[in-house]
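Enquirer: from the sequence below, what's the structure:
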Amino acid sequence: MLFAIYSLTIAALFAVLDAGDVALTEAAVGAGISTILILAVLALVPRHEKRAFGHNIPALIVVLITGAALVYASFDLPIFGDPNNPVHTQVGQYYTQNTYGDMGVPNMVAAVLASYRSIDTMGEAVVILTAGIGVFALLSAPVRRRRESATDRTSDKDSAT
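Expert: Modelled structure (predicted):
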């Protein structure tokens, strides 16, 4: 519930900042779908976990390889906060100077998301649609009965006799 409250607060902040599309996405995915998914998982997962013994060596290897690849890739990133980064010298200036002339939309965020990054925005819409279908599939799953323990069955037989 705290995650849902946090997401709604962030969505309200985005709405105040005139980023309605980001606010709508945050409210739908962050507060709506994520909360439903967490509650569905809690309802479907058994109460007690089966204890696994030993180590999962293949999982450890995958995690180490992925971590090493991410660390290696981070060396190629520009220095954080450097004013000479490409985002500050090329892309940001172009958007700031040409958005209204190219699009005719006074809200720069909406113009960038709707036109310059329209494929990315469409991808976000597909993610929201897929998440909604996943939630629908989880909520429409048939209800499972709880298994009766052996002590419950024997006590029922004893009470019947």
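Enquirer: how near is Leu129 to Thr9?
Expert: 25 Å (C-beta to C-beta, to the nearest Å). Every C-beta, even on glycine, is put in place using the N, C-alpha and C of the backbone.
Enquirer: out of these two, which sits in the busier spot?
Expert: More neighbours surround Thr9 than the other of Leu129 and Thr9, with 13 against 10 (other C-beta atoms under 10 Å).
Enquirer: quick one, what contacts the more buried one?
Expert: Counting by C-beta atoms under 8 Å, 6 or more residues apart in numbering, Thr9 makes contact with nothing.
Enquirer: so it is in which element?
Expert: helix 2-16 (DSSP states H and E).
Enquirer: alpha carbons of the next helix or strand after that helix, as PDB, please.
Expert: Downstream of helix 2-16, the first helix or strand assigned by DSSP H and E is helix 20-25. The C-alpha coordinates for helix 20-25 follow below in PDB (Å, rounded to 0.1, in the frame of the first residue of the first chain):
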ATOM      1  CA  GLY A  20       0.200  14.800 -17.900                       C
ATOM      2  CA  ASP A  21       1.300  11.800 -19.900                       C
ATOM      3  CA  VAL A  22       4.000  10.800 -17.400                       C
ATOM      4  CA  ALA A  23       1.500  11.400 -14.600                       C
ATOM      5  CA  LEU A  24      -1.000   9.100 -16.300                       C
ATOM      6  CA  THR A  25       1.500   6.400 -16.800                       C
END
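Enquirer: next helix or strand past helix 20-25?
Expert: Following helix 20-25 toward the C-terminus (DSSP H and E): helix 34-44.
Enquirer: now the next helix-or-strand element following that next one: how far from the chain's centre is it?
Expert: Remark: after helix 34-44, the chain's next helix or strand is helix 57-74, criterion DSSP H and E. Offset of helix 57-74 from its chain centre (C-alpha atoms, centre = their mean, to the nearest Å): 22 Å.
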